[in-house]
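mind folding the following:
(one chain, ligands or ions: 3)
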Amino acid sequence: MQTQDPLIRNHNFNEVALGFSENEAILEASRCLQCKNPTCIAACPASVKIPDFIRLIKEKNSRVAYDTIYKDNVLPAVCGRVCPQESQCEGACVLNRTGRPIAIGALERYVGDESLKCGECKDEKIIPNGKKVAVVGSGPAGLANAASLRRMGYDVDIYEALHEFGGVLQYGIPAFRLPKTIVESEVLRLEKLGIKFHKNVIIGKSLTIDQMKNELGYDAIFVGTGAGLPKSLGVPGEGHSGVFSANEFLIRVNLMKATPAMDYPTPIRIGDNVAVIGGGNVAMDAARVAKRLGAKNVFILYRRDKSSLPARLEEVIHAEEEGIIFKLLHNPVEFIGENHQLKAVRCEKMELGELDSSGRAKPVGTGQYETFPVDSAIVSIGENPNPIISKATPGLETDRKGQIVVNNHQTSIAGVFAGGDVVLGAATVILAIGEGKDAAIAIDEYLKKI
Ligand code: FAD
Ligand code: SF4
Ligand code: SF4
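Ligands and ions are numbered 1, 2, ... in the order given. Next up is the predicted model:
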């Protein structure tokens, strides 16, 4: 797939990967061997019927290709862009042995985009069943849950704390990876299906789960509130001005338009030298956004080696092409400031030791230190669920990380279900979609019994 030139794109927020033309998609689809036992399907968390939709692209039938994907994955244009394909579908394609697996993600994106281009709304007939369900959170888990329930005939209301719908797809993943028009079109498609969206409602503050059940009369509630509470490093100086969490940084740019091109009253000033701490997708996004905001030197501080970076391979490659510097085997131990303004970050140099419980080599301190002068630092070392709902809901069981405890998506409170990052911890879009879909089946079974 063609991409924008790295030295041009690192100054703009337009999409990096430009997508397949029809000819390119057909050519790529023609390479698929249509395996009898497709290993690619088993490696997709949503079990998308990959060879079927690829065959339909080859036959120039992207409309039916879309329907084929949609049965398993309600957000093809999104997943085609953001799934870690190299460790899922594409990683299991038999053509890996030739070094050129089928570009399944790019083909899925092509089908999703074609369907959005022609403004297609699945003209489905919904047969109302007289029951209503509330979905809390409009991220991929909530959207997938709502879509599945609506098709089963439920009246569905989505409640979202923020002023835009889409969860991380809207406030976290930057527009140069996932244009906001894609997310908005997917929301519109669900509105056309009859799902009602309510924004600026914080469940647990504006309205409680108890009120939703007992006063608003919802027959069931699905909680898909994600993992939006950033973890802190817990090192001295983390409170200095100039130290951001990636969550705050990305929300201010994505939702509050704090970009140089926008004349908004809430700008974000990051200076010339920016350190990003962490090695996942969120860290890559924060670093690439910092570069686009005009920082001259952006470097990633990561305590393990390159092969351990948890980010999608494509994001690492794109970040490097855009001039992001990787300072590997460096672990921040202190943020140094003057008058509470960040001036430098001090790191211990690390080396790799024995394998730890995650199966990766454990970083071990060497006792040698290096200090980097910086204007800003963005901490991106993971997220936990926000405790607002659990604190406001007596009897809702959570674990020590604040994740909601479920049994087949049923929480400790009858009629209240949960899924996505709020149950799994920070995971992936397609896993959240799968959770939302499976929870809809559990809700339907529950409501049919009572
Ligand atoms: P979320 O997407 O977090 O949505 C939860 C929603 O609930 C939010 O809109 C939130 O505002 C709302 N909410 C929270 N509390 C309340 C409340 N009390 N009342 C009402 N609403 C509430 N995954 C990938 O697969 N590929 C990637 O490339 C990738 N990149 C990422 C980049 C970033 C910057 C981040 C942060 C994550 C990334 N992820 C990626 C992870 C992925 O986005 C998440 O796993 C996924 O979005 C989880 O979906 P969810 O629906 O469970 O939660
Ligand atoms: Fe691959 Fe993700 Fe699509 Fe599954 S949903 S086929 S993992 S891109
Ligand atoms: Fe096609 Fe690869 Fe799947 Fe085989 S494994 S059906 S070649 S995508």
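
for whatever residue of the stretch 201-350 of the chain ends up closest to ligand 2, phi and psi?
Using Cβ to the nearest ligand atom, R312 is the residue of the stretch 201-350 of the chain that sits closest to ligand 2, at 11.1 Å. Placement of C-beta: from N, CA and C, glycine included. Per-residue torsions, R312: phi -60, psi 140 (degrees, to the nearest 10).

return the distance of the residue of the stretch 51-200 of the chain found nearest ligand 3 relative to P101.
Residue nearest to ligand 3 within the stretch 51-200 of the chain: C93 (3.3 Å; Cβ to the nearest ligand atom). Distance of C93 to P101, given as Cβ to Cβ, to the nearest Å: 4 Å.

of the two, who's got more company?
When neighbours are counted by other Cβ atoms under 10 Å, C93 and P101 differ, and C93 comes out ahead with 24 against 19.

so that one touches G105, yeah?
No - with contact defined as Cβ atoms under 8 Å, C93 does not count as touching G105 (11.0 Å).

surely the residue of the stretch 201-350 of the chain closest to ligand 2 touches P84?
Yes - applying Cβ under 8 Å as the test, R312 and P84 come out as touching, 4.7 Å apart.

shaky segments in the stretch 101-250 of the chain?
Low-confidence regions of the stretch 101-250 of the chain, defined by pLDDT under 70, span residues 119-123.

which parts of it sit against ligand 2?
Counting by Cβ under 6 Å from any ligand atom, the stretch 101-250 of the chain comes close to ligand 2 at 104-105, 108.

again with the stretch 301-450 of the chain
So far as Cβ under 6 Å from any ligand atom goes, the stretch 301-450 of the chain lies against ligand 2 at I430.

quick one: the strands in the stretch 301-450 of the chain?
In the stretch 301-450 of the chain, the strands defined using DSSP state E, counting those that start in this stretch lie at 325-328, 330-338, 341-355, 361-373, 376-379, 383-384, 416-418.

same check, this time on the stretch 151-300 of the chain
155-159, 196-198, 220-223, 229-230, 243-245, 273-277, 297-302.

just the residues contacting the shortest one, thanks.
Residues outside strand 229-230 that contact it (Cβ atoms under 8 Å, 6 or more residues apart in numbering): 245-248, 379-380, 382-387, 402.

before we move on, the earlier item: tell me the contacts of the residue of the stretch 201-350 of the chain closest to ligand 2?
R312 neighbours (Cβ under 8 Å, 6+ apart): 82, 84, 86, 281, 284.

go on, I195?
Per Cβ under 8 Å, 6+ apart, neighbours of I195: 146-147, 150, 156-158.

rerun at 10 Å
Contacts for I195 (Cβ atoms under 10 Å, 6 or more residues apart in numbering) come out as 135, 138, 142-143, 146-147, 149-150, 154-158, 187, 189.
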